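> what's the 3D shape of this:
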Amino acid sequence: MTALAAVLWDMDGTLVDTEPYWIAAEYRLVESFGGTWNDEHAHRLVGNPLLVSAAYIRRHGGVELPLDEIVDRLLVEVIAETRRHTVWRPGVIELLAELSDAGIPCAMVTMSYRSLAEAVAEQLPSGTFATLITGDEVDNGKPHPEAYLKAAHELGVAPEQCVAIEDSPAGVASATAAGCVVVAVPNQVPIEPAPTYQIVENLDGVTVTDLRALVAEQALAG
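Below you'll find the predicted structure:
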């Protein structure tokens, strides 16, 4: 029977509630160029590669800057806010601690860039994440499976032995395509139910035993 070998975590909106920081930064940037922004636009960007989001902002927000500069401006604000005040999603700290005690490695798999991923990781005990897979270090962003496949490869485990925890449709699609067992925890945007993943309201009360059972169930079903 396939056993749980690793847990792969999305970051924005899954580990930490940074999505409001991104949205606020988008509003400020667009408005500084005389454009208008709204939450519908902002929610379309959740889970996307940052350069894809930057192209959307330039097209719909009238921000006449190179895509890299749009990303850099947003990152500066979000990193500053994250270092000032990090809001962890419910149940995350407890589950990370239990996974560490059980000797189950974790990876962060995010479309944010390494600078922000490290700003989040450095607030946790050393070694919480065995590896960070970030959006500036993959060729294909979510919903492509590359990031999750790379995480499993770096941990030396099979994707089907990994539980991926995600909060966005793009992230769920990425992890599912990689062959991971997926737990969806919707935050800013809804995730439609499907038999290929489990949806939970939050991670409060979710345990290592629960994750092991999910991997075992998928192995039996597959």
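> check contacts around whatever residue is furthest in space from the centre of the chain.
Centroid-distance maximum for the chain: Gly34 at 30.6 Å, with C-alpha atoms, centre = their mean. Applying C-beta atoms under 8 Å, 6 or more residues apart in numbering to Gly34 gives the contacts Gly62. For glycine as for every other residue, the C-beta is placed from the backbone atoms N, C-alpha and C.
> now do the SS call for it.
When classified by DSSP: H, G, I helix; E, B strand; the rest coil, Gly34 comes out as coil.
> buried residues, the longest helix along the chain. List them.
Secondary structure of the chain per DSSP state H: the longest helix is helix 67-84. Across helix 67-84, burial judged by 16 or more other C-beta atoms under 10 Å covers 67, 70-71, 73-75, 77-79, 81-82.
> now the residues you listed as TSV including distance to Ile57 and pLDDT?
Output for the buried residues of helix 67-84, formatted as TSV (distance: C-beta to C-beta, whole Å; pLDDT from 0 to 100):
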residue	distance to Ile57	pLDDT
Leu67	9	97
Ile70	6	97
Val71	9	97
Arg73	10	97
Leu74	8	97
Leu75	13	96
Glu77	13	96
Val78	14	96
Ile79	18	96
Glu81	18	95
Thr82	20	94
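> do you know how far the residue farthest from the centre of the chain is from Lys150?
Using C-beta to C-beta, to the nearest Å, one obtains 40 Å as the distance from Gly34 to Lys150.
> alright, calling it a day.
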